[in-house]
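A.B. asks: no letters, just coordinates:
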């Protein structure tokens, strides 16, 4: 898939575990795992907003397009 | 006083009804097979044991043995296929393949697809049976009661096959949308 999710990179920079991120964002661990491993088909804006708020980053830091 | 009937209650009732119909159809098909076998290979007087339209079968057997075999085979095929339809329905209920949390599933699609094939087959064999009895009438046999021979309603079965085919396409799209929704974070 051309869209690459760099969630694990941001989590490592902020020293945050998946469980912690899940609690703060309000998304289940399994769903975050789906996102992190690049298996997600779509991301809601509300989820992206919550992740960016918790990780203090921009959407472009998490999502990357590679042709 | 308002009486609310839940989906689960309706399904439970349908499960019981499906079992009753399945057992009835099995008895019907089994009886046809056994009676036909005994009539053809053991004792031709057993033709009077057919509980549906035994007079027609007696007349048919004395008219022509080959035609009797054809009609018997057609009736048996239709009866067995109808039993198999209800076997699939009973199996669907017994194995709890209906999941209302994720209703669109591959087993459900396969189940409806099987019903399409079976309905089409029942319709085709019933239609051919009807045409065969009409041809027999033109050759001097008395007119058959298709309802009693259980080969009536060919057009209804074919119509049902078409409708179910459309439903299969809808379920296929439903599976795609459901899968995409499951993978939406």
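C.D. replies: Received, thanks. Quick caveat, the model's predicted, so the values are computed rather than measured.
A.B. asks: pLDDT score assigned to residue B:41?
C.D. replies: According to the prediction, residue B:41 has pLDDT 90.
A.B. asks: helices or strands up against the lowest-mean-pLDDT helix or strand in chain B?
C.D. replies: Ranked by mean pLDDT, DSSP states H and E, the weakest helix or strand in chain B is helix B:146-149, scoring a mean of 82. If you count contacts as 3 or more C-beta pairs under 8 Å, 6 or more residues apart in numbering or on different chains; DSSP states H and E, helix B:146-149 packs onto helix B:106-138. Backbone N, C-alpha and C define where each C-beta goes, glycine included.
A.B. asks: other SSEs contacting the helix it packs on?
C.D. replies: Packed against helix B:106-138 by the contact rule (3+ C-beta pairs under 8 Å, 6+ apart) you find helix B:65-94, helix B:146-149, helix B:154-182.
A.B. asks: deepest of the ones you listed, which one?
C.D. replies: Each of the helices and strands packed on helix B:106-138 was scored by mean neighbour count; the highest is helix B:65-94, a mean of 18, by mean count of other C-beta atoms under 10 Å in any protein chain shown.
A.B. asks: roughly how far is the least confident helix or strand of chain B from the heart of the chain?
C.D. replies: Computed by C-alpha atoms, centre = their mean, to the nearest Å, the separation of helix B:146-149 from the middle of its chain amounts to 14 Å.
A.B. asks: what's near enough to touch residue B:160?
C.D. replies: Residues near residue B:160 by C-beta atoms under 8 Å, 6 or more residues apart in numbering or on different chains: B:119, B:123.
A.B. asks: actually residue B:126, sorry about that
C.D. replies: Taking C-beta under 8 Å, 6+ apart as the definition of contact, the neighbours of residue B:126 are B:78, B:151, B:152, B:153, B:154, B:157.
A.B. asks: one step back: possible to save the helices and strands packed on helix B:106-138 as JSON lines with distance to residue A:46?
C.D. replies: Supplementary listing: the helices and strands packed on helix B:106-138 in JSON lines, determined by distance: least, C-beta to C-beta, whole Å:
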{"stretch": "helix B:65-94", "distance to residue A:46": "37"}
{"stretch": "helix B:146-149", "distance to residue A:46": "60"}
{"stretch": "helix B:154-182", "distance to residue A:46": "15"}
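A.B. asks: rank these by pLDDT, which is bottom?
C.D. replies: Looking across the helices and strands packed on helix B:106-138, the weakest by mean pLDDT turns out to be helix B:146-149, at a mean of 82.
A.B. asks: and the spatially closest residue to residue B:174 that is not a sequence neighbour, helix, strand or coil?
C.D. replies: For residue B:174, ignoring the flanking residues on the chain, the nearest one in space by C-beta to C-beta, 6 or more residues apart in numbering or on different chains is residue B:104 at 3.6 Å. Of the three states, residue B:104 takes coil according to DSSP: H, G, I helix; E, B strand; the rest coil.
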